[in-house]
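The amino acid sequence is not available; the structure is as follows:
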(Lines give C-alpha, C1' and ligand atoms only; values in the text may rest on other atoms or scores of the structure.)
Protein backbone atom coordinates (compact mmCIF):
# COMPACT_ATOMS: atom_id res chain seq x y z
CA UNK A 1 0.00 0.00 0.00
CA UNK A 2 1.29 3.44 -0.96
CA UNK A 3 1.32 6.15 1.69
CA UNK A 4 0.42 9.66 0.61
CA UNK A 5 2.61 12.26 2.33
CA UNK A 6 0.79 14.90 4.35
CA UNK A 7 1.87 18.54 4.33
CA UNK A 8 2.32 20.25 7.68
CA UNK A 9 0.93 23.73 8.39
CA UNK A 10 4.23 25.47 7.62
CA UNK A 11 4.47 23.76 4.23
CA UNK A 12 0.86 24.70 3.44
CA UNK A 13 1.56 28.31 4.34
CA UNK A 14 4.60 28.36 2.05
CA UNK A 15 2.54 26.80 -0.76
CA UNK A 16 -0.18 29.43 -0.33
CA UNK A 17 2.35 32.29 -0.50
CA UNK A 18 4.03 30.71 -3.54
CA UNK A 19 0.74 30.40 -5.42
CA UNK A 20 -0.24 33.97 -4.51
CA UNK A 21 3.12 35.33 -5.70
CA UNK A 22 3.06 33.35 -8.96
CA UNK A 23 -0.47 34.43 -9.84
CA UNK A 24 0.17 38.07 -8.90
CA UNK A 25 3.26 38.20 -11.14
CA UNK A 26 1.42 36.44 -13.97
CA UNK A 27 -1.44 38.95 -13.86
CA UNK A 28 1.03 41.67 -14.80
CA UNK A 29 2.01 39.88 -18.02
CA UNK A 30 0.33 39.05 -21.31
CA UNK A 31 -2.33 36.36 -21.26
CA UNK A 32 -0.25 34.03 -23.45
CA UNK A 33 1.67 32.82 -20.39
CA UNK A 34 -1.51 32.22 -18.43
CA UNK A 35 -2.08 28.83 -20.10
CA UNK A 36 1.15 27.41 -18.68
CA UNK A 37 0.49 28.84 -15.24
CA UNK A 38 -3.08 27.51 -15.26
CA UNK A 39 -1.78 24.03 -16.12
CA UNK A 40 0.71 24.23 -13.25
CA UNK A 41 -1.99 25.36 -10.84
CA UNK A 42 -4.25 22.53 -11.99
CA UNK A 43 -1.48 20.05 -11.18
CA UNK A 44 -0.94 21.72 -7.80
CA UNK A 45 -4.64 21.58 -7.03
CA UNK A 46 -4.91 17.90 -7.88
CA UNK A 47 -1.85 17.19 -5.74
CA UNK A 48 -3.38 19.22 -2.91
CA UNK A 49 -6.61 17.19 -3.11
CA UNK A 50 -4.59 13.96 -3.12
CA UNK A 51 -2.45 14.90 -0.12
CA UNK A 52 -5.38 16.13 1.93
CA UNK A 53 -4.49 19.82 1.97
CA UNK A 54 -6.69 22.11 4.03
CA UNK A 55 -9.59 24.08 2.54
CA UNK A 56 -7.70 27.37 2.66
CA UNK A 57 -4.86 26.01 0.51
CA UNK A 58 -7.32 24.57 -2.00
CA UNK A 59 -9.15 27.90 -2.11
CA UNK A 60 -5.94 29.84 -2.76
CA UNK A 61 -5.04 27.57 -5.69
CA UNK A 62 -8.58 27.61 -7.11
CA UNK A 63 -8.81 31.40 -6.81
CA UNK A 64 -5.47 31.76 -8.59
CA UNK A 65 -6.68 29.64 -11.49
CA UNK A 66 -9.90 31.62 -11.74
CA UNK A 67 -8.07 34.96 -11.69
CA UNK A 68 -6.08 33.73 -14.68
CA UNK A 69 -9.26 32.74 -16.53
CA UNK A 70 -9.70 29.04 -15.71
CA UNK A 71 -13.19 28.20 -14.50
CA UNK A 72 -12.88 24.40 -14.63
CA UNK A 73 -14.07 22.39 -11.63
CA UNK A 74 -11.30 20.11 -10.38
CA UNK A 75 -12.99 18.80 -7.27
CA UNK A 76 -12.78 15.01 -6.94
CA UNK A 77 -16.56 14.63 -7.42
CA UNK A 78 -16.50 16.68 -10.62
CA UNK A 79 -13.55 14.73 -11.98
CA UNK A 80 -15.36 11.43 -11.38
CA UNK A 81 -18.33 12.64 -13.42
CA UNK A 82 -16.23 13.94 -16.32
CA UNK A 83 -15.48 11.57 -19.20
CA UNK A 84 -11.78 11.18 -19.88
CA UNK A 85 -10.74 12.55 -23.25
CA UNK A 86 -7.37 11.32 -24.30
CA UNK A 87 -5.33 11.34 -27.47
CA UNK A 88 -3.09 8.33 -28.11
CA UNK A 89 0.35 8.91 -26.65
CA UNK A 90 -0.59 12.12 -24.86
CA UNK A 91 -1.03 11.47 -21.15
CA UNK A 92 -1.72 15.07 -20.18
CA UNK A 93 -4.41 15.83 -22.79
CA UNK A 94 -7.34 15.25 -20.40
CA UNK A 95 -5.84 17.55 -17.77
CA UNK A 96 -5.05 20.36 -20.19
CA UNK A 97 -8.51 20.23 -21.75
CA UNK A 98 -10.52 19.82 -18.58
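Looks like it came in fine. Note that this is a predicted model, so its numbers are computed, not measured.

use CA for all of it now, contacts and neighbours both
OK.

so which strand or helix has residue 10?
Assessed by DSSP states H and E, residue 10 sits inside helix 9-27.

So what's the gap between the following helix or strand past that helix and the chain middle?
Note on helix 9-27: by DSSP H and E, the next helix or strand toward the C-terminus is helix 34-51. Here helix 34-51 is found 2 Å from its chain centre; the criterion is CA atoms, centre = their mean, to the nearest Å.

quick one: residue 45 from residue 15, how far?
11 Å (CA to CA, to the nearest Å).

neighbour count winner among the two?
residue 45 (22 against 18; other CA atoms under 10 Å).

so residue 77, which of the three states?
Per DSSP: H, G, I helix; E, B strand; the rest coil, the local secondary structure of residue 77 is helix.

center of the chain - which residue?
residue 42 (2.5 Å; CA atoms, centre = their mean).

Give me the distance between residue 67 and residue 13.
From residue 67 across to residue 13, the span is 20 Å (CA to CA).

I misspoke; the intended subject was residue 27.
With distances taken as CA to CA, residue 27 is found 21 Å from residue 13.

and residue 35, what is it in contact with?
Listed by CA atoms under 8 Å, 6 or more residues apart in numbering, residue 35 has no contact partners.

Mind pulling the model confidence for the closest residue to residue 15 other than its chain neighbours?
Spatially, and ignoring its direct neighbours in sequence, residue 15 is nearest to residue 57 (7.6 Å; CA to CA, 6 or more residues apart in numbering). Note on residue 57: pLDDT of 89.

what number of residues lie near residue 57?
Neighbour count for residue 57, taken as other CA under 10 Å: 21.

same thing with residue 10?
Counted with other CA under 10 Å, residue 10 comes out at 9.

Which pLDDT value goes with it?
With respect to pLDDT, residue 10 scores 77.
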